[in-house]
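Q: predicted structure and sequence below. I'll ask about it afterward.
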Amino acid sequence: MNDSCISHVPHGYEGILRDSKSVHFGMPSDMQTGALLRVLAASKPQGTILELGTGTGLGAAWLLEGMDDSSTLVSIETNQEFQDIARRHLGHDIRLKLIADDALRFIETHEGNAFDLIYADAIPGKYIGFEHSLRLLRRGGILVLDDILPQPNWPENHQINLDSLLQTIDGLPPEAFTSVKLCWYTGHILITKK
């Protein structure tokens, strides 16, 4: 079995990748994470999905590829230049709502158990405001955290943030949440609300 053999890439992926390089975007989602997101999105028919950190739209492209026609994706990004790339390549998809805003502000102020799947691909929702990501999950919802293994673009002393996050996850009440850690590609943690 070769897990780096991805059968096909989503619509718009190659264009997003090309434009990401042109603006020197250095944090693209890898194809394996994308394939995982596609499968998870497909497991949530009529799902409401949240992406924290649109970047240039690579993750969003994979999520959209897995979603059915009745699902929706809300994707938040603070960097307008990056999100404009996603808008150019994916903005025609009526299932997608791109919001230029601070992800932490969004999750702090959003009401209810609103999402079936949350992909936290930014510091907010993962290292800051993690409790809001958990709050926003519906029962049976999945929170996906990536870039858990050391990355070359990590800021100095970031390991402290990771250690704190892992301690928090390990301390989640087992009657309310279940999780799995995957030492695979950039490192992933999946958390499901029971």
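A: Yep, it's here.
Q: output the longest strand belonging to this protein.
A: Secondary structure of the chain read by DSSP state E shows that its longest strand is strand 137-145.
Q: for that one, give me every contacting residue.
A: Contact with strand 137-145 is made by 36-37, 40, 43-44, 48, 113-120, 126, 133-134, 165, 188-194, as judged by Cβ atoms under 8 Å, 6 or more residues apart in numbering. (Each C-beta comes from the backbone N, C-alpha and C, glycine too.)
Q: and the most centrally placed residue in the chain, what pLDDT?
A: The centroid of the chain falls nearest to Y119 when counting by Cα atoms, centre = their mean (2.4 Å). Looking at Y119, its pLDDT is 98.
Q: hang on, it packs against W62?
A: No. Using Cβ atoms under 8 Å, Y119 is not in contact with W62; the gap is 9.2 Å.
Q: hey, what's in contact with both of those two?
A: Common contacts of Y119 and W62 (Cβ under 8 Å, 6+ apart): L37.
Q: show me the shaky parts of the protein.
A: Along the chain, the parts satisfying pLDDT under 70 run over 26-28.
Q: before we move on, the earlier item: is the residue nearest to the centre of the chain in a helix, a strand, or coil?
A: Three-state call for Y119 (DSSP: H, G, I helix; E, B strand; the rest coil): strand.
Q: tell me what it is bridged to.
A: Y119 has these beta-bridge partners by DSSP bridges: E51, V144.
Q: measure how buried S7 is and give me the count.
A: For S7, the count of nearby residues is 5 (other Cβ atoms under 10 Å).
Q: do the same with T178
A: 12.
Q: which of the contacts of strand 137-145 are buried?
A: For those, a neighbour count by 16 or more other Cβ atoms under 10 Å gives the buried set as 36-37, 40, 44, 48, 114-120, 126, 133-134, 165, 188-191, 193.
Q: select from the residues you listed every entry located in strands.
A: Short answer: the buried ones among the contacts of strand 137-145 in strands (DSSP E) are T48, F115, D116, L117, I118, Y119, A120, H188, I189, L190, I191, K193.
Q: for those, give me a markdown table that also has distance to T178.
A: A markdown table is the format used below for those (distance: Cβ to Cβ, whole Å):
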| residue | distance to T178 |
| --- | --- |
| T48 | 21 |
| F115 | 17 |
| D116 | 16 |
| L117 | 15 |
| I118 | 15 |
| Y119 | 18 |
| A120 | 17 |
| H188 | 15 |
| I189 | 11 |
| L190 | 9 |
| I191 | 7 |
| K193 | 9 |
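Q: what number of residues lie near the nearest residue to L117 once chain neighbours are set aside?
A: Spatial nearest neighbour of L117, excluding adjacent residues (Cβ to Cβ, 6 or more residues apart in numbering): I49 at 4.5 Å. Neighbours of I49 under the rule other Cβ under 10 Å: 27.
Q: touching, I49 and A114? I think so.
A: No. In this structure I49 lies outside contact range of A114 using Cβ under 8 Å: 10.3 Å.
Q: gap between stretch 167-174 and the chain center?
A: Between the centre of stretch 167-174 and the centre of its chain there are 20 Å (Cα atoms, centre = their mean, to the nearest Å).
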